[in-house]
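**Student:** give me coordinates for this.
(chains A and B)
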2 protein chains.
Amino acid sequence: MAISVETFFLNPDAQGTLQAQIQEMIAEGILSGRFRIGEKLPSSRKLASHLGISRITVTLAYTELLASDYLSSKGRSGYFVSTNAPVPPSYTPTQKTVDSVDWSRSLARTFTGGDTPHKPQDWRDYRYPFIYGQADASLFDHANWRLCALRALGHKDFSALANDQYDHDDPLLVEYIARHSLPRRGVIARPQEILITLGATNALWLTAQILLNRGRKAALEDPAYYTLRDQLVNTRCQFEGIPVDEDGLPPELISDDTDVIFTSPSHQSPTTTNMPMERRKALLKRARDINAVIVEDDYEFEMSFLDSPSPALKSLDQEGRVIYIGSFSKSLFPGLRLGYLVGSESFIRQARALRANVLRHPPGHMQRTVAYFLSLGHYDAQIRRIAKTLHGRRLVIEESIKQHGLTISGSGQFGGSSLWMKAPEGTNMDDVARKLRSGSVFLEPGAPFFAPATRKQNHYRLGYTSIPKSKIEAGIELIAKEIVKCNK
Amino acid sequence: MAISVETFFLNPDAQGTLQAQIQEMIAEGILSGRFRIGEKLPSSRKLASHLGISRITVTLAYTELLASDYLSSKGRSGYFVSTNAPVPPSYTPTQKTVDSVDWSRSLARTFTGGDTPHKPQDWRDYRYPFIYGQADASLFDHANWRLCALRALGHKDFSALANDQYDHDDPLLVEYIARHSLPRRGVIARPQEILITLGATNALWLTAQILLNRGRKAALEDPAYYTLRDQLVNTRCQFEGIPVDEDGLPPELISDDTDVIFTSPSHQSPTTTNMPMERRKALLKRARDINAVIVEDDYEFEMSFLDSPSPALKSLDQEGRVIYIGSFSKSLFPGLRLGYLVGSESFIRQARALRANVLRHPPGHMQRTVAYFLSLGHYDAQIRRIAKTLHGRRLVIEESIKQHGLTISGSGQFGGSSLWMKAPEGTNMDDVARKLRSGSVFLEPGAPFFAPATRKQNHYRLGYTSIPKSKIEAGIELIAKEIVKCNK
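**Tutor:** The predicted structure follows:
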């Protein structure tokens, strides 16, 4: 690659001769890793004209750098960064500026330090990755996805989707969600009741921003999705964790002054419980009685390989009280960052305005690619394939757990992609997880799911989307041994 | 397409016989537009087994629907939605639910009704689209973009990028921004000082959230980007519009109690003014004296076809006081939704945590495609091509403006993609714009850029990214005539 002449500027406050400044600029570029071995420098004529200085000054600077072996010359073809030039220490240039701003004062709000655990980027290097929420690329219909992406990159689509869509979504995708995805959950919605989001996390965030503030109160399942808890903290609302039982969220425990109820009735996160029909009706009634809005996170209904999924809570809603959240992260892949929000038009209008203010709209080509993938039937084939594989893994993991004496706390009667586990009282699963990592086993401690006041250390989650069937048993055995060891 | 059996549910509270319920379900699907002419129904055996009812019930329902011509049968190959079936009125099914939630009470915050104007989706249908901020697809290197996208969709990249990246960015893209984009602005930054955002709008939003709250004060240029003003309103901070002059933001007018200064020094939005070096230094000094942070929106530096761009304000910053925002919306295309934030590590750490809480990360494949497009040199060729075309249009538009007696208020001495215009005092450009639309001329009235207190009605913006050179003169003539007409 040639180094562009435009990366050179003369600092109006710089000390020293012009020639020295040019030398320093080039040396700094090499030392900081911006210019790399073998890259070609601009010609002296070009650089001189760009900087508005005489050519001889540049030539002299280049000659000096030749002598110091920062540069080499190849006859008439110009100057290059020398193969003997100093190599920067893996791209961490020394910081030029001294940070003299007192950030502890300048930050009006901080967002680090919430409940969301730090997950490793290198989980794929683990031999036994019982991670949750990642895709198994081997199960994905990559060939057809590429074809759909190519179609969305075709001339006509490309030109239309390259534009700023303001606050609009891809109408094709919205239509397919309305016709294809929602009816499977018993939900009927018009396009103006649907908003595309950057994944379910973004849908939850938008909802929390619109429905909550300092003066409002939310009810949240306990345990629950930790990022949702962080989102609620950020709205500064009051919120209450309601302990779930074997049927999910108990409606009678929700306080009368609750404004918003967050729930994952079809597959409680993380306990995997499915709420029975009677309780769903009771929950809707409770919401009506106290005039609260329900936010339903229906994040994993596609993975129902053991039994038909129950219809969504939203399908029972006759009064626009339920806001429904769906996601393509589990059925397609999480790196896609696409989900959707379904609710009353008055609510969706606010969510659309907030989304436009925060990020405008999800990228058009991603939306169109999904629309094609859905409409050509690849999505259905995909879900069947994933479900079949997960079913196979599920049988093995349950058998291994039995064999090695571990305890399942919640298993998802319809299927799903994880098990909620319980180690003996007193086990600190953070410790166990840390120790297992050195044996190349990755699992998620359950503590971050619990509200701080009720935080339990002896739960953990075992995901099986990313571990091959053949490795499950050996992984479970290692976990079982480590738990025994920690309890000695 | 076959209609999936999974879209059928029995409502536990439904009235009437099972057979009637099935008929209603199918009819509703057809009437609402979910099931379409020619689509195949599940076999009676399959549907019966899915619903757990007897097959004869389903067969009887199908037979009834045959008789009423909702369905047709093709011998042994099954039942299909009949070609004579009622066609729904362009997909707006009657709303089943009655919205009994009082949204005026349930919404804790509303986001509609800000300064951001409603822009038409159909601007491409205008004969003279003087729209700003849209891409000219004919100037884009579509072929190479497709190749880069395909590469990012290849097996190895695809598998890696399909994953949830948690709060991380694509390291390839970050590296290229550090090595390639920022040095052109005289800025040197380490990877941990860079965050990828969903466009510059998202970068501004993240910054406002972190640096402002009810107790803080911001200074904003007046006029300024309207969405930024909406963002500041949403943080509930105090903010003050500082009238810009011919050199941009006057530092001496910034109040002593200001915490954050928002500016677009290299190409003021919307007046296109470039801030001279002396004032840049004065602005930095002013910020230091009052201990304020500066947010620099450097949204259009690539379009410098008349003169070299000045280095960014950030390039003069020796103390980490400037937060820098870049965007690929102007140099690639706005539908991409990618931009970046550069600042001190302490600040970027908070921005990263907030972004993760709101949306996790921008889609991986989009980031990687841009990284390839940059690294293969297509980006540079692309910018040269756009700049050349815009230069040609700029000459024509300036000539036409002169010829038809319109007045330029700001023209961007380095180039840019728009002109800031001024009609005679008393002209209401909202009215003019509305009238021009019926003559197929689109232009943007300037009022939304001004703070409400100082709002001027006689300014407007003429963008030339999306209008061919050959149409400019005729469009300008129509604008000139309409302005004259409105002033009679």
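
**Student:** burial of A:Tyr372, as a residue count?
**Tutor:** Neighbour count for A:Tyr372, taken as other CB atoms under 10 Å in any protein chain shown: 22. Where you see a C-beta, it was placed from the backbone N, CA and C, and this is true even at glycine.

**Student:** ok, now A:Glu24?
**Tutor:** Using other CB under 10 Å as the criterion, A:Glu24 is surrounded by 15 other residues.

**Student:** check contacts around it.
**Tutor:** Taking CB atoms under 8 Å, 6 or more residues apart in numbering or on different chains as the criterion, A:Glu24 is in contact with A:Gly16.

**Student:** quick check: it is in a strand.
**Tutor:** No: judged by DSSP: H, G, I helix; E, B strand; the rest coil, A:Glu24 forms no part of a strand; its state is helix.

**Student:** distance check, A:Asp136 against chain B.
**Tutor:** From A:Asp136 across to chain B, the span is 9 Å (CB to the nearest CB, to the nearest Å).

**Student:** now the phi/psi pair for that residue, please.
**Tutor:** Note on A:Asp136: its backbone torsions stand at phi -100, psi 100 [degrees, to the nearest 10].

**Student:** list the contacts for it?
**Tutor:** A:Asp136 makes contact with A:Ile386, A:Thr389, A:Thr465, A:Ser466 under the criterion CB under 8 Å, 6+ apart.

**Student:** repeat that for 6 Å
**Tutor:** Residues counted as contacts of A:Asp136 (CB atoms under 6 Å, 6 or more residues apart in numbering or on different chains) are A:Thr465, A:Ser466.

**Student:** now do it against A:Gln413, distance only.
**Tutor:** Here the criterion is CB to CB, to the nearest Å. By it, A:Asp136 lies 22 Å from A:Gln413.

**Student:** backbone phi and psi for A:Pro129, please?
**Tutor:** Here the main-chain torsion angles of A:Pro129 (degrees, to the nearest 10) amount to phi -90, psi 90.

**Student:** need the residues of the stretch 201-350 of chain A near chain B, please.
**Tutor:** When proximity is defined by CB under 6 Å from any CB of the partner chain, the stretch 201-350 of chain A lies next to chain B at A:201-202, A:205, A:210-213, A:216, A:230, A:293, A:311, A:318-321, A:333-335, A:337, A:344, A:346, A:350.

**Student:** show me which of these are buried.
**Tutor:** A:201-202, A:205, A:210-212, A:216, A:230, A:293, A:311, A:320-321, A:333-335, A:337, A:344, A:346, A:350 (16 or more other CB atoms under 10 Å in any protein chain shown).

**Student:** which of the residues you listed fall within strands?
**Tutor:** For these, the ones inside strands are A:Val293, with DSSP state E as the criterion.

**Student:** so does the longest helix seen in chain A get close to chain B?
**Tutor:** In chain A, assigned by DSSP state H, the helix with the most residues is helix A:378-403. No: with CB under 6 Å from any CB as the threshold, helix A:378-403 lies outside contact range of chain B, at a closest distance of 6.6 Å.

**Student:** ok, stretch A:172-187 next?
**Tutor:** Yes: among the residues of stretch A:172-187, A:Arg179, A:Pro183, A:Arg184, A:Gly186 lie within reach of chain B under CB under 6 Å from any CB.

**Student:** correct me, but the third one touches B:Phe8?
**Tutor:** To tie it back to what came earlier, the one meant is A:Arg184. No: under the criterion of CB atoms under 6 Å, A:Arg184 makes no contact with B:Phe8, lying 9.2 Å away.

**Student:** sorry, back to before: give me the next element, helix or strand, following the longest helix of chain A.
**Tutor:** Scanning the chain past helix A:378-403 towards its C-terminal end, the next helix or strand to appear is strand A:407-410 (assignment: DSSP states H and E).

**Student:** mind giving me the packing neighbours of the helix or strand just after that next one?
**Tutor:** If you walk from strand A:407-410 toward the C-terminus, the next helix or strand you reach (DSSP H and E) is strand A:418-422. Strand A:418-422 sits against strand A:407-410, strand A:459-463, with contacts defined as 3 or more CB pairs under 6 Å, 6 or more residues apart in numbering or on different chains; DSSP states H and E.

**Student:** residues in contact with A:Gly326?
**Tutor:** Taking CB under 6 Å, 6+ apart, one finds A:Asp298, A:Tyr340 in contact with A:Gly326.

**Student:** if we go to 8 Å?
**Tutor:** Each residue near A:Gly326 by CB under 8 Å, 6+ apart is listed here: A:Ile177, A:Ser181, A:Leu182, A:Arg185, A:Ala200, A:Asp298, A:Tyr299, A:Gly339, A:Tyr340, A:Val342.

**Student:** residue boundaries of the strands in the stretch 201-350 of chain A?
**Tutor:** Using DSSP state E, counting those that start in this stretch, the strands of the stretch 201-350 of chain A run over residues A:217-222, A:238-243, A:260-263, A:293-297, A:322-327, A:339-342.

**Student:** low-scoring pLDDT stretches of the stretch 251-400 of chain A, where are they?
**Tutor:** Across the stretch 251-400 of chain A, not a single residue meets the criterion (pLDDT under 70).

**Student:** redo that, cut-off 90
**Tutor:** Residue ranges of the stretch 251-400 of chain A with pLDDT under 90: A:299-311, A:318, A:330-331, A:374-385.

**Student:** domain assignment for chain A?
**Tutor:** For chain A, automatic domain parsing gives the domain ranges A:5-81, A:123-136+A:381-486, A:140-377.

**Student:** re earlier: among the strands of the stretch 201-350 of chain A, which comes closest to A:Val396?
**Tutor:** strand A:322-327 (26.3 Å; CB to CB).
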